[in-house]
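Undergrad: kindly generate the corresponding structure for this input.
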Amino acid sequence: MKRLIIRQFSSSSSSSRNFKRVFSRSSVAATADENAAAAVLSKMPRFDYTPPPYDGPRTEEILRKRIEFLSPSLFHFYKKPLNIVDGKKQYLFDEDGRRYLDAFGGIATVCCGHCHPDVIEAIINQTKRLQHSTVVYLNNAIADFAEALASKLPGESQGVVFFTNSGTEANELAMMIARLYTDCHDIVSLRNAYHGNAAGTMGATAQCNWKFNVVQTGVHHALNPDQYRGVFGSDGEKYAKDVEEIIDFGTSGRVAGFISEAIQGVGGILELAPGYLPCVYKTIRKAGGLCIADEVQAGFARTGSHFWGFEAHGVVPDIVTMAKGIGNGMPLGAVVTTPEIAQVLTSRCYFNTFGGNPVSTAAGHAVLKVLEKEKLQENALIVGSYLKDQLKALQGKHEIIGDVRGRGMMLGVELVTDRLEKTPAKTEILRVMELMKDMGVLVGKGGFYGNVFRITPPLCFSKEDSDFFVDVIDIALSKL
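TA: This next block holds a predicted model:
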């Protein structure tokens, strides 16, 4: 039975009719659950691509080397980790050629789809001519991309770009810029936030799961405007009062800045309560601070309704940070701010050897073109809204679903064992993830308690993919 099911989603071109005929031979021994799972597998959307045969190291050998030679801090999903060897659009393939629907997108990173031909072509063409030179020399790739990227920022944010290699680096730099520009050290961030794992960004991160016992100074963590678990529900203005009190009672009355995501990614796909950011931005600026929007996960059309997450809240930041979707998987991040604010970096030598690498920036420029050409922001809105409605309907069927939230292709499903008490279903979500993987769907998890599905697929995700995803999670939840 298990072998027959695996064979179905190993071949991307297998027809559901053929599968059902093979499956019926073992129907006598099949359980009701197995029949249900097989029916779902037969609905995996057809996909006209077959990966080349893989003849590299197998899972066991890779895992052995990983344990022996890589840091023990690295972790993996699933009891038997997947060896992913191929990817195309919204699908991934393991060492046996089994196809999986990728609903995680490399942690909200793959926006155009795996191995998009336009992005790959840009990378190859640039690599053939020049792989690296550093920014002490002129190169058109970094200049052209900076121009295109700056044009995507609204209002006063549209300005100059400093390229980095990651979101952590971008946030670290943004906080330093705010401190230099205001000549003040205090930063306000939100509880439950995640902004990176370097010295400064770990201070701004506000979850003990991601913080080591090292010196972290000058950051105040405000009450999180959490619409699901927060004390004020969806009343953003009430949460914003806490920022005023932090400034009045925890600082000199002046601050360097405020940093937040519009939708907390690692925090469990939590969209900040309406009205919160406008109030807080006003308070921060009154105290002399700069407003930093962390768009590492919510940016680059992922929310669908807007290109940037902060736009849904009607605010214009002073500094915007980004990574992940900016390069569709290439190591690339950026800080965008006004020329006036950026001027503070000229008082000393500030340099990044690989920031603005011609290959990475060529890829980033290609990503912007693909997003526009293929109307992926529009698709994120249409398909993401469709998927969210389906998940909301599923919430009425499964008591374990406590909340469905987010927008576009950045959705969260929080599992609880008791809806009234909102008790986190920490063990149950692991079981569901295993079952979903066995049926051909990969999804992420997050939240402080690790009980939230993070649904952040490539933006080329289709309604057919959404139907399949919902069928799979429905069956998996039914097995609990």
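
Undergrad: quick one: low-confidence parts of the protein?
TA: 1-42, 156-158 (pLDDT under 70).

Undergrad: quick one, domains of it?
TA: Per automatic domain parsing, the domain ranges recorded for the chain read 2-108+376-478, 117-373.

Undergrad: would you turn these into JSON lines with mean neighbour count?
TA: To be clear about C-beta, it is placed using only N, CA and C from the backbone, and glycine gets the same treatment. Converted to JSON lines, the domains of the chain look like this (neighbours: other Cβ atoms under 10 Å):
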{"stretch": "domain 2-108+376-478", "mean neighbour count": "18"}
{"stretch": "domain 117-373", "mean neighbour count": "21"}
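
Undergrad: now Gly333: closest residue in space that isn't a chain neighbour?
TA: Spatially, and ignoring its direct neighbours in sequence, Gly333 is nearest to Ala323 (3.6 Å; Cβ to Cβ, 6 or more residues apart in numbering).

Undergrad: pretty sure that neighbour sits against Gly167.
TA: Yes: using Cβ atoms under 8 Å, Ala323 is in contact with Gly167, at 3.4 Å.

Undergrad: which neighbours do these two share?
TA: Counting by Cβ atoms under 8 Å, 6 or more residues apart in numbering, the common neighbours of Ala323 and Gly167 are Val296, Gly333.

Undergrad: now the helices: where do they sit in the stretch 251-400 of the chain?
TA: 276-286, 339-342, 358-373, 376-397 (DSSP state H, counting those that start in this stretch).

Undergrad: with distance to Asp183 as extra columns, can I get those helices in a markdown table?
TA: Listed next are the helices of the stretch 251-400 of the chain as a markdown table, based on distance: least, Cβ to Cβ, whole Å:
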| stretch | distance to Asp183 |
| --- | --- |
| helix 276-286 | 15 |
| helix 339-342 | 13 |
| helix 358-373 | 32 |
| helix 376-397 | 39 |
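
Undergrad: and of those helices, who's closest to Ala174?
TA: Set against Ala174 and scored by Cβ to Cβ, the helices of the stretch 251-400 of the chain come closest in helix 339-342, at 9.9 Å.

Undergrad: elements contacting that closest one?
TA: strand 160-164, helix 167-182 (3 or more Cβ pairs under 8 Å, 6 or more residues apart in numbering; DSSP states H and E).

Undergrad: now those in a markdown table, with distance to Gly299?
TA: As requested, the helices and strands packed on helix 339-342 are exported to a markdown table (distance: least, Cβ to Cβ, whole Å):
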| stretch | distance to Gly299 |
| --- | --- |
| strand 160-164 | 14 |
| helix 167-182 | 10 |
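
Undergrad: okay, now the sheet partners of the longest strand seen in the chain, with direction.
TA: Longest strand in the chain by number of residues, with DSSP state E as the criterion: strand 410-418. The pairing partners recorded for strand 410-418 under DSSP bridges are strand 401-407 (antiparallel), strand 423-424 (antiparallel), strand 452-455 (antiparallel).

Undergrad: out of those strands, which is closest to Gly440?
TA: strand 452-455 (15.3 Å).

Undergrad: put the alpha carbons of the closest one into CSV.
TA: What follows is strand 452-455, C-alpha atoms only, in CSV (Å, rounded to 0.1, in the frame of the first residue of the first chain):
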residue,chain,number,x,y,z
VAL,A,452,1.1,27.7,13.9
PHE,A,453,1.3,26.5,10.3
ARG,A,454,3.2,29.1,8.3
ILE,A,455,1.8,29.0,4.8
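
Undergrad: and the spatially closest residue to Lys373 that is not a sequence neighbour, what does it touch?
TA: Once flanking residues are discounted, Lys373 sits nearest to Asp118: 7.9 Å by Cβ to Cβ, 6+ apart. Residues in contact with Asp118 (Cβ under 8 Å, 6+ apart) are Cys112, Ala366, Lys369, Val370, Lys373.

Undergrad: would you map the strands across the stretch 101-250 of the chain?
TA: Here the stretch 101-250 of the chain has its strands, by DSSP state E, counting those that start in this stretch, at 160-164, 187-190, 219-222.

Undergrad: do you know how far the residue nearest to Phe354 when sequence neighbours are not counted is from Ala363?
TA: Nearest in space to Phe354, with sequence neighbours left out and distances taken as Cβ to Cβ, 6+ apart, is Asn165 at 5.5 Å. Asn165 is 13 Å from Ala363, where distance means Cβ to Cβ, to the nearest Å.

Undergrad: hey, what's in contact with both of those two?
TA: In contact with both Asn165 and Ala363: Leu332, using Cβ under 8 Å, 6+ apart.

Undergrad: identify the residues contacting Thr361.
TA: Ala141, Ile142, Asp144, Phe145, Ala146, Phe163, Leu332.

Undergrad: actually, Gly444.
TA: Ala103, Phe104, Ile107, Phe453, Arg454, Ile455, Thr456.

Undergrad: export those to a markdown table and append columns for distance to Ile263.
TA: Formatted as a markdown table, the contacts of Gly444 follow (distance: Cβ to Cβ, whole Å):
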| residue | distance to Ile263 |
| --- | --- |
| Ala103 | 16 |
| Phe104 | 16 |
| Ile107 | 14 |
| Phe453 | 14 |
| Arg454 | 11 |
| Ile455 | 12 |
| Thr456 | 10 |
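
Undergrad: ok, so of those residues, who is nearest Gly268?
TA: Checking the contacts of Gly444 against Gly268 with Cβ to Cβ, the nearest one is Arg454 at 7.5 Å.

Undergrad: I figured the closest one hits Gly406, correct?
TA: No: here Arg454 lies out of contact with Gly406, judged by Cβ under 8 Å, at a distance of 9.0 Å.
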